[in-house]
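J.: need a structure here:
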Amino acid sequence: MARDMDVASAAGGVPPAAGTAARLRQPTRRDRQKRATREALRAAALRLFAEQGFRLTTAEEIAAAAGVSRRTFFVHFSSKDEVLLGHVAEQLAMLRAELDTAPADLEPVARAGHAVTALAEAMQRRDDLLVQLDLLHRAPELLAVNLEQFTAFEDAIVDAVGGWLTGPRSRRLTAAEEAYAGLVGTVSMAALRAGLTLWRRRDGRGSLPELVAANVRQVRTGLSAPAADPEASPGQR
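T.: Below is the predicted model:
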């Protein structure tokens, strides 16, 4: 699944020189206009989703709210789902880059946790993250799409851990190594998802990456239950 969501340059086999040239090319006026239109559509969609719900909002309404045609909407987005989750490929590429550069002297759970925490930091920089999380929570029809997103992240971690375990040698993972890599991927995503859930419940207050990093530390130390606070009320314990 993760491989299916590679960024276009990687999937299309663009030569390194061409890729470098593309990265160095300055955005044209047309590029800026396209980006502005896409952001206007996304802002209008999120506003309408919040006001009247995801299911009841149509592409035509989003386009009208952004001041463009229905055709223009579909030039930028294939569906309403993509408006909400169209940034996943970018985040996946970011996660893979963080996995590639995570400190090699860390053990695999900490190394994956380092990458996931960096991803959480990038997520929080999006000014619409809380709106997105609230919409996903209230729209059960998006659960499958959301699960696909986290499955892609998990697969990227599993692939990275497999590479860490084999090192520079090209060999098949043992059954134990394969199971371990899968487990690291699962618990790393659990740390991220638990952090996102708690951050949303706190209305976006506090640091998301700190929550995720704390979850990773708990996983590494065996998920020991926190000590009860004797001054907390029963509802807070």
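J.: separation between Leu136 and Thr197?
T.: Separation of Leu136 from Thr197 (C-beta to C-beta, to the nearest Å) stands at 11 Å. The C-beta positions use only the backbone N, C-alpha and C, and glycine is treated the same way.
J.: so which of those two has more stuff around it?
T.: Shown here are Leu136 and Thr197; by other C-beta atoms under 10 Å, Leu136 has more neighbours (19 against 13).
J.: contact partners of stretch 171-183?
T.: 108, 158, 161-162, 165-166 (C-beta atoms under 8 Å, 6 or more residues apart in numbering).
J.: now with 10 Å, please.
T.: Contacts of stretch 171-183 from elsewhere in the structure, counted by C-beta atoms under 10 Å, 6 or more residues apart in numbering, are 108-109, 112, 154-155, 157-166.
J.: and these, which of them are buried?
T.: 108-109, 112, 154-155, 157-162, 164-165 (16 or more other C-beta atoms under 10 Å).
J.: Leu133: what's it in contact with?
T.: Leu133 sits in contact with 123, 146, 196-197, 199-201, 204, where contact means C-beta under 10 Å, 6+ apart.
J.: again, but for Leu192
T.: If you count contacts by C-beta under 10 Å, 6+ apart, Leu192 has them with 95, 113, 116-117, 119-120, 123, 150, 153-154, 157, 208-209, 211-212, 215-216.
J.: restrict those to the buried ones and give me that as a PyMOL selection.
T.: Of the contacts of Leu192, the buried ones can be selected in PyMOL as follows, counting by 16+ other C-beta under 10 Å:
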select buried, resi 95+113+116+117+119+120+123+153+154+157+208+209+211+212+215+216
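J.: in helices only, show me the contacts of Leu192.
T.: Using DSSP state H, the subset of the contacts of Leu192 located in helices is 95, 113, 116-117, 119-120, 123, 150, 153-154, 157, 208-209, 211-212, 215-216.
J.: measure Glu39 to Arg201 for me?
T.: In this view, Glu39 and Arg201 are 28 Å apart by C-beta to C-beta.
J.: typed the wrong thing, it's Gln91
T.: 22 Å.
J.: what part of the protein, helix or strand, is modelled with the least confidence?
T.: The helix or strand of the chain with the poorest confidence is helix 8-11; it has a mean of 33 (mean pLDDT, DSSP states H and E).
J.: got the domain ranges for the protein?
T.: Domain segmentation of the chain under automatic domain parsing yields 3-83, 87-220.
J.: sorry, back to before: so which of the contacts of Leu133 wins on neighbours?
T.: Going by other C-beta under 10 Å, Trp199 tops these with 24 neighbours.
J.: what's the nearest residue to that one if we skip its chain neighbours?
T.: Excluding the flanking residues, the one nearest Trp199 by C-beta to C-beta, 6 or more residues apart in numbering is Leu208, at 4.8 Å.
J.: ditto for Ser224
T.: Nearest non-adjacent residue to Ser224 (C-beta to C-beta, 6+ apart): Gln218, at 7.5 Å.
J.: next, name the residue at the spatial heart of the chain.
T.: Of all residues in the chain, the one closest to the mean position by C-alpha atoms, centre = their mean is Gln91, 4.9 Å from it.
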